[in-house]
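Visitor: here is the input, now give the coordinates:
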Amino acid sequence: MPRARPAPEIGLKITKTDMPKRIRSSSALRAIDPGGDRVDGHKMRGMFSRLIQTSLGLAFLTVLSMSSPASAQEEFTLGPDDAWTRETPEPGTPAARILKARQALALGEPERARALATAYLDRFPSAPGRAEMFLVRGDALVEMGDEYDALFDYEAIARLHPGSEVFVQALEREYDIAVAYANGLKRKFFGTIRIIDASDDAQELLIRIQERLPGSRLAEDAGMTLADFYFKRAEMRLASDAYDLFIQNYPRSNRIQKARQRLIQSYMASYRGPRHDASGLRDARRRLQTMQQLRPAAAQRLGAEALIVRIDESEARKLLVTAKWYLSVSDPISAELYIRQVVERHPETVATLDALRLAPKILSQMPASLAAKTPDYRLLAEALLGKAGPVETGVSPRAEPSLPETRDLEPERPVKATPSEEPKAS
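Guide: Numbers count the residues shown, from 1 in each chain. Take a look at the predicted model:
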């Protein structure tokens, strides 16, 4: 049986936020069923009657906030007579001091708000509401352009008051500052000009947010921001780790496809050339092959086949460069071993054709007994190149010198001593 949503319960409280003309409710204040159920005419008239009453009440509160700025941050309670009652804290109480500091911040007086918050924190070291005052002072410092000093107040909330109502708000403020630092904002030098690099602070803040609020949307935003930060700075090893952690922690995120693509790009970009480590290429190949099996459509959009061909060519070129190096240090046996790996592992690459052209030169420097055990590179060259394999003119395999069967020594020859001339006496 369809039914209308009941009217707001008696005792419902709403509170104005820091800025004017905004109202925050402690519970959802809705009079229409979100499911869109149909109701009869009598229930619908009652529903719209309650909706109009609620709207009038909210409009009344808005008029109050516009006509009297000092009434900001006050609480209103829905009484039994269906009327809103203002709850004003008694002067001198901690609640009144917090309200006064928030009013100063809402009216655009950050210096006064900071002074009130500092006085409260110094005078009441164990009173309730310290977390709110830390937030007010931090927001005031941000308004004054001292966001780095504000981080100390936000950190006090995160460390000393993790169960307070403003804990998430403090982390949101830290996230905004971290994003600004990640985008290039400099820190002030002793409160003067901005010349100090704050990239390390941005990384630290983004990591702490993920640790303190795991699984949340804010932590997800921090994880993606950190990964993009590393990617833009060309720190591909760190970027690949950050994107990999994002995929593991948020597999249902709407940005998971971006993370997968950036992860593969980071792996491939971490390869610096044939003279450097190629582990990034192997990781990229593994990710691409997994994507082809589990998400073929996404792999096709990414161009996985072309990327795998590029990875094969890079790996083959690295092996060929290694073979040339061994040849340059007069180690043809090791050079032939790497040439063989190029031909067997990557037969469809350009590096394989270059390896087959280099093979006769390597074989000519190897012992004949070992050269006879190598693959027939000339036959492979004919199959791949479509013509006779390369021949080194004027070069033949070096003959292996035979060892003597017995160890015969030449007979000794007597040596005649010739008398030396005696020195003549002067």
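Visitor: give me the domain ranges for the chain.
Guide: Domains of the chain are assigned by automatic domain parsing as 13-87, 89-213, 230-302, 316-385.
Visitor: need the ones you listed in a markdown table (columns: mean neighbour count).
Guide: Every C-beta, even on glycine, is put in place using the N, C-alpha and C of the backbone. As requested, these are exported to a markdown table (neighbours: other CB atoms under 10 Å):
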| stretch | mean neighbour count |
| --- | --- |
| domain 13-87 | 14 |
| domain 89-213 | 18 |
| domain 230-302 | 17 |
| domain 316-385 | 18 |
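Visitor: helix, strand or coil for residue 282?
Guide: helix (DSSP: H, G, I helix; E, B strand; the rest coil).
Visitor: and it, how far from residue 174?
Guide: 37 Å (CB to CB, to the nearest Å).
Visitor: next one: residue 314
Guide: From residue 314 to residue 174 the distance is 41 Å (CB to CB).
Visitor: repeat that for residue 204.
Guide: From residue 204 to residue 174 the distance is 10 Å (CB to CB).
Visitor: same question for residue 365.
Guide: Counting by CB to CB, the gap from residue 365 to residue 174 is 65 Å.
Visitor: in the stretch 201-350 of the chain, which spans are strands?
Guide: For the stretch 201-350 of the chain, no strands are identified by DSSP state E, counting those that start in this stretch.
Visitor: lowest confidence element among the helices and strands of the protein?
Guide: None of the helices or strands of the chain scores lower by mean pLDDT, DSSP states H and E than strand 23-25, at a mean of 33.
Visitor: surely residue 209 is in contact with residue 171?
Guide: Yes: in this structure, residue 209 is within contact of residue 171 by CB atoms under 8 Å, at 5.5 Å.
Visitor: any residues in contact with both of the two?
Guide: residue 218 (CB atoms under 8 Å, 6 or more residues apart in numbering).
Visitor: got a list of what the residue nearest to residue 267 when sequence neighbours are not counted touches?
Guide: Nearest residue to residue 267 in three dimensions, chain neighbours excluded: residue 284, at 3.7 Å (CB to CB, 6 or more residues apart in numbering). Counting by CB under 8 Å, 6+ apart, residue 284 makes contact with 264, 267-268, 307, 311.
Visitor: make CSV out of these and add distance to residue 154 and pLDDT.
Guide: Shown next, in CSV, are the contacts of residue 284 (distance: CB to CB, whole Å; pLDDT from 0 to 100):
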residue, distance to residue 154, pLDDT
264, 36, 94
267, 35, 94
268, 38, 92
307, 43, 93
311, 45, 93
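Visitor: which of these sits closest to residue 338?
Guide: residue 311 (18.0 Å; CB to CB).
Visitor: how many neighbours does the closest one have?
Guide: By other CB atoms under 10 Å, the residues close to residue 311 number 21.
Visitor: element containing residue 195, please.
Guide: Element membership of residue 195, judged by DSSP states H and E, is strand 194-196.
Visitor: chain center to that strand, what's the gap?
Guide: 25 Å (CA atoms, centre = their mean, to the nearest Å).
Visitor: is it true that residue 343 touches residue 355?
Guide: Yes: with contacts counted by CB under 8 Å, residue 343 reaches residue 355, the gap being 6.0 Å.
Visitor: state the mean pLDDT of the strand holding residue 195.
Guide: The pLDDT scores in strand 194-196 average 92.
Visitor: same question, stretch 296-303
Guide: On average, stretch 296-303 scores 90.
Visitor: same question, stretch 352-365
Guide: On average, stretch 352-365 scores 90.
Visitor: can you give me the helices for the stretch 251-400 of the chain?
Guide: Assignment of helices within the stretch 251-400 of the chain using DSSP state H, counting those that start in this stretch yields the ranges 256-269, 279-294, 296-302, 304-328, 332-345, 350-364, 368-371, 377-385.
Visitor: counting by contacts, list what the fourth one packs against.
Guide: Helix 304-328 is packed against helix 256-269, helix 279-294, helix 332-345, helix 350-364, with contacts defined by 3 or more CB pairs under 8 Å, 6 or more residues apart in numbering; DSSP states H and E.
Visitor: contacts for that helix next, please.
Guide: 264, 268, 271, 274-275, 278, 281, 284-285, 288-289, 291-292, 332, 334-339, 341-342, 345-346, 348-352, 354-355, 358, 361-362, 365.
Visitor: pLDDT weak spots in the stretch 201-350 of the chain?
Guide: Applying pLDDT under 70 to the stretch 201-350 of the chain flags no residue at all.
Visitor: just list the residues touching residue 155, thanks.
Guide: With CB under 8 Å, 6+ apart, residue 155 has these contacts: residue 174.
Visitor: what's the first helix or strand after the helix or strand hosting it?
Guide: Residue 155 is part of helix 147-160 when elements are defined by DSSP H and E. Next helix or strand after helix 147-160 toward the C-terminus (DSSP H and E): helix 167-182.
Visitor: tell me what angle that following helix forms with helix 147-160.
Guide: 140 degrees (axes from the mean of the first three to the mean of the last three CA atoms, to 10 degrees).
Visitor: so which of the helices and strands packed on helix 304-328 is nearest residue 162?
Guide: That would be helix 256-269 among the helices and strands packed on helix 304-328, by CB to CB, at 28.7 Å.
Visitor: tell me which residues are up against that closest one.
Guide: Contacts for helix 256-269 (CB under 8 Å, 6+ apart): 224, 227-228, 231, 234, 236-237, 239-240, 243-244, 246-247, 250, 253, 280-281, 283-284, 287-288, 291, 298, 302, 307, 310-311.
Visitor: how near is the residue most central in space within the chain to residue 240?
Guide: When CA atoms, centre = their mean is applied to the chain, the residue found nearest the centroid is residue 227 (1.6 Å). Distance, residue 227 to residue 240, using CB to CB: 9 Å.
Visitor: show me what contacts residue 298?
Guide: 257, 260, 291.
Visitor: centre of the chain to stretch 92-112, how far?
Guide: On CA atoms, centre = their mean, the centre of stretch 92-112 falls 39 Å from the chain's centre.
Visitor: quick check: mean pLDDT of that stretch?
Guide: 89.
Visitor: only alpha carbons, please: show that stretch as PDB.
Guide: Provided in PDB are the C-alpha atoms of stretch 92-112 (Å, rounded to 0.1, in the frame of the first residue of the first chain):
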ATOM      1  CA  GLY A  92      30.100  33.400  29.100                       C
ATOM      2  CA  THR A  93      29.700  29.700  28.500                       C
ATOM      3  CA  PRO A  94      32.000  27.700  26.200                       C
ATOM      4  CA  ALA A  95      29.100  27.400  23.700                       C
ATOM      5  CA  ALA A  96      28.600  31.100  23.600                       C
ATOM      6  CA  ARG A  97      32.400  31.700  23.000                       C
ATOM      7  CA  ILE A  98      32.400  29.200  20.200                       C
ATOM      8  CA  LEU A  99      29.400  30.900  18.700                       C
ATOM      9  CA  LYS A 100      31.000  34.300  18.900                       C
ATOM     10  CA  ALA A 101      34.200  33.100  17.200                       C
ATOM     11  CA  ARG A 102      32.100  31.500  14.400                       C
ATOM     12  CA  GLN A 103      30.100  34.700  13.900                       C
ATOM     13  CA  ALA A 104      33.300  36.700  13.600                       C
ATOM     14  CA  LEU A 105      34.600  34.300  10.900                       C
ATOM     15  CA  ALA A 106      31.300  34.300   9.100                       C
ATOM     16  CA  LEU A 107      31.300  38.200   9.100                       C
ATOM     17  CA  GLY A 108      34.700  38.300   7.400                       C
ATOM     18  CA  GLU A 109      36.800  39.100  10.400                       C
ATOM     19  CA  PRO A 110      39.400  36.300  10.500                       C
ATOM     20  CA  GLU A 111      41.800  38.300  12.800                       C
ATOM     21  CA  ARG A 112      39.100  38.600  15.400                       C
END
